[in-house]
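[1] Please work out how this folds:
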Amino acid sequence: MCGIVGFVLFQKKLESIDYHKKINDMTNLLKRRGPDKSGVWINSKKNVFLGHRRLSIIDFSQNANQPMISFNKKWIVSYNGEIYNFKKLKRLIHTNIKEKNSSHGDTWVLVNLFEKFGYHQTINMLEGMFAISAYEIENNKLYLSRDRFGEKPLYYFHNKNFFVFGSELKVFKNFHEIDLKISELSIQDYFRFNYIPSPNSIYKDIFKLKPGASIELDIHTSKKKFNVFWKYNNPKTEKLIYKDIIDKTNQILNETIKNELVSDAELGCFLSGGTDSTLVASIASSQKKKLKTFTLKNNDYQFDESNFAKKVASYLNTDHREFEIGKQDLLDSFFRMKDIYDEPFGDSSQIPTYLISKYTKNYVKVALTGDGGDEIFLGYKRYKYFYSYWSKVNKTPFMIRKKFSDLTNMISPNFYDQFFYYLSKFSFERINYYNMGYSIKKFSDLITKKNFNDSFYSLIENKIDSKLLFKNYKVEIKDVPVCNLSDAIMHDLVNYLPDDILCKVDRASMYNSLETRSPFLNHKIFNYMNTISIDQKMNKGVPKSILKDILKIYLPEDLINKNKRGFSIPIANWLKKDFKHILDLYSSKNYLEEQNIFNSAYIKNIIEEYMLGNKSYEKFLWSFIIFQDWYLANKY
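    Here you go, the predicted structure:
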């Protein structure tokens, strides 16, 4: 796992700029992604500059350093990621070349595959996660690719004078010829979804390469073209025997995890207590003795599942560690978010993800995760709602739904929170009380929607009026229509998975120089699941039923968590107490008027309604203070 950066000049170099220093400085900005080694490759005649920061995972020797040149010196590669099938692909390279090879890593295989098969054929052979830059010396072409699901990030800028790319946005700040202007459209999207969807970034002319896509840049002409080497195809399902599905999926997962356990560095597994990470840990521990597992522990029952994870670890006989974190750990982490993500990112689970990565790094260099399980195996609550309840709700006369919603909204979220809090005490905390007011209000709004599209977006958006939120922006909302559950799943795979979930994990882990691997995000698993009907994925109406039934192979029933809460942070309480002074500062009329982005009267009204307990605006307000903290550090 590493960081990559580079630029190409289409015009003559300016004598006033030291480009050698520039590529070295930009490369070193990615030191956290690759603390073990720094390397650059420069072709001064062609004005091509490539940089690489290395996190050594496979082959610790200098022979595996990047940028790396191919055997016949026709290709140069700088890449970030892991090619899990590189040993199999190595057999395709000529024996004489392999005998002279002094590296046994995947980079050497990759660069020589380009030389033998060309770029586009090679990309389709790869099984893994990657952001690749490859320069074809003879034809003077630069190629960039990003893996199928978007596990590894890749940003780029292109104008008539130069092309710049990098693993993180921070590298573009060191290329001073780029005028970093904040995108109004990106701000609007951010406050709707709490993240910025691809291909946009927070800056107007800097873009994210979309997952499964490549750029081919002809340096002679300075023109680029996009290629899509992989995309989500419409499901072609067939009715299969359910037990056969369980057996086949278990087989593919075992093969995938076996490949992803290959590492010369210490390797472990996150273990949260939920189905996804528990299954990954179960399979991995069956293949690797004394697998290291890691869990966060918190003294608040509503945010802690360490006891459950500990029982699983004991049964699996893993080398288990708990990291107990307190309130101050969570609060202090807030101020690191702007440095970790480089742009506004409002998923509050970013903080526990950062903390588990921070502590895990002290023991291993690689950690397996359960990311992708919810999207591929249908684990989200919204999928359950649309599969089991939406048609029934939609058949209920609108006036009845509206009346029920109005009655529900007559009671404040605070009342619901308090009611379920005391109910949980009577039930010996078997009932999850946290944020019930928010959930009930969300549902009461949901049942008033008249079509599938509006229902879906109401579940994934912040409940705000963009036309009132912004002071001078022309509001643009251009959504892809979502007409059924298949569309909803596709939307999450294309947007939420790469731009929220995988962005969160990549930046938080790599800030701590920790590589994460997600076995569920293997395209072979996806391709097989794409042949399985939604009915069978939601067997008997149970979300993620396939994974839960596979887990029964490895664990007894009492160790399978049926009501995972997930480790989150109490943002509703924070905003009213610990973070109130920050919220007050960033929402003061004088500050907002000087900033000239937000309608101060609308922000004031949102905060007043929230503080009184009348409305559940905590997710929006969390995104608001995250944005303001980022903006304060990046406005110039």
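[2] what packs against the helix or strand containing Ser186?
    Following DSSP states H and E, one finds Ser186 within helix 184-193. Packing partners of helix 184-193 (3 or more C-beta pairs under 8 Å, 6 or more residues apart in numbering; DSSP states H and E): helix 466-469, helix 618-634. C-beta: built from backbone N, CA, C; applies to glycine.
[3] Would you map the helices across the stretch 501-636 of the chain?
    All helices of the stretch 501-636 of the chain, identified by DSSP state H, counting those that start in this stretch, fall at 502-511, 523-529, 534-537, 545-554, 571-576, 580-587, 589-595, 600-611, 618-634.
[4] Ile569 against Ser349, yeah?
    Yes. Here Ile569 lies in contact with Ser349, judged by C-beta atoms under 8 Å, at a distance of 7.5 Å.
[5] Who has more neighbours out of these two?
    Higher neighbour count among Ile569 and Ser349: Ile569, with 22 against 16, using other C-beta atoms under 10 Å.
[6] Tell me who's in contact with the closest residue to Asn522 other than its chain neighbours.
    In this structure, Asn522 finds its nearest non-sequential neighbour in Thr256, 4.6 Å apart by C-beta to C-beta, 6 or more residues apart in numbering. Contacts for Thr256 were tallied using C-beta atoms under 8 Å, 6 or more residues apart in numbering; they are 84, 519, 522, 524-525.
[7] Tell me which other helices or strands the helix or strand harbouring Ser444 touches.
    Per DSSP H and E: Ser444 is located in helix 436-446. In terms of contacts (3+ C-beta pairs under 8 Å, 6+ apart), helix 436-446 is packed against helix 398-409, helix 413-426, helix 452-460.
[8] Would you mind splitting the chain into its domains for me?
    Listed by automatic domain parsing, the domain ranges of the chain are 2-228, 261-378+497-559, 570-636.
[9] Turn the ones you listed into JSON lines, columns for mean pLDDT.
    Shown next, in JSON lines, are those (pLDDT from 0 to 100):
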{"stretch": "domain 2-228", "mean pLDDT": "94"}
{"stretch": "domain 261-378+497-559", "mean pLDDT": "94"}
{"stretch": "domain 570-636", "mean pLDDT": "92"}
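[10] Assign a three-state SS to Ile321, would you?
    I think there's a mix-up here, since residue 321 is Arg and not Ile. Of the three states, Arg321 takes strand according to DSSP: H, G, I helix; E, B strand; the rest coil.
[11] Can you give me the neighbour number for the closest residue to it other than its chain neighbours?
    Once flanking residues are discounted, Arg321 sits nearest to Phe294: 5.5 Å by C-beta to C-beta, 6+ apart. For Phe294, the neighbour count with other C-beta under 10 Å is 28.
[12] what sits against Phe294?
    268-271, 320-323, 356, 359-360, 363, 367.
[13] partners of it in the sheet?
    Per DSSP bridges, residues listed as beta-bridge partners of Phe294: Phe270, Arg321.
[14] Would you mind measuring from it to Asn254?
    As defined by C-beta to C-beta, to the nearest Å, Phe294 lies at a distance of 22 Å from Asn254.
[15] Reformat the helices and strands packed on helix 436-446 into a markdown table and put mean pLDDT and mean neighbour count next to each item.
    Shown next, in a markdown table, are the helices and strands packed on helix 436-446 (pLDDT from 0 to 100; neighbours: other C-beta atoms under 10 Å):
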| stretch | mean pLDDT | mean neighbour count |
| --- | --- | --- |
| helix 398-409 | 89 | 13 |
| helix 413-426 | 72 | 16 |
| helix 452-460 | 95 | 19 |
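[16] could those helices go into a markdown table alongside distance to Lys467?
    Shown next, in a markdown table, are those (distance: least, C-beta to C-beta, whole Å):
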| stretch | distance to Lys467 |
| --- | --- |
| helix 398-409 | 22 |
| helix 413-426 | 24 |
| helix 452-460 | 16 |
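[17] ok, and the closest non-adjacent residue to Thr237?
    Closest to Thr237 by C-beta to C-beta, 6+ apart is Ser533, at 4.2 Å.
[18] next one: Thr360
    Counting by C-beta to C-beta, 6+ apart, Phe294 is the residue found nearest to Thr360 once chain neighbours are left out, at 4.6 Å.
[19] Rebuild the domains of the chain as CSV, extending it with distance to Asn394.
    Output for the domains of the chain, formatted as CSV (distance: least, C-beta to C-beta, whole Å):
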stretch, distance to Asn394
domain 2-228, 24
domain 261-378+497-559, 17
domain 570-636, 24
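[20] Can you tell me which of the ones you listed is nearest to Phe443?
    Checking those against Phe443 by C-beta to C-beta gives domain 570-636 as the closest, at 11.3 Å.
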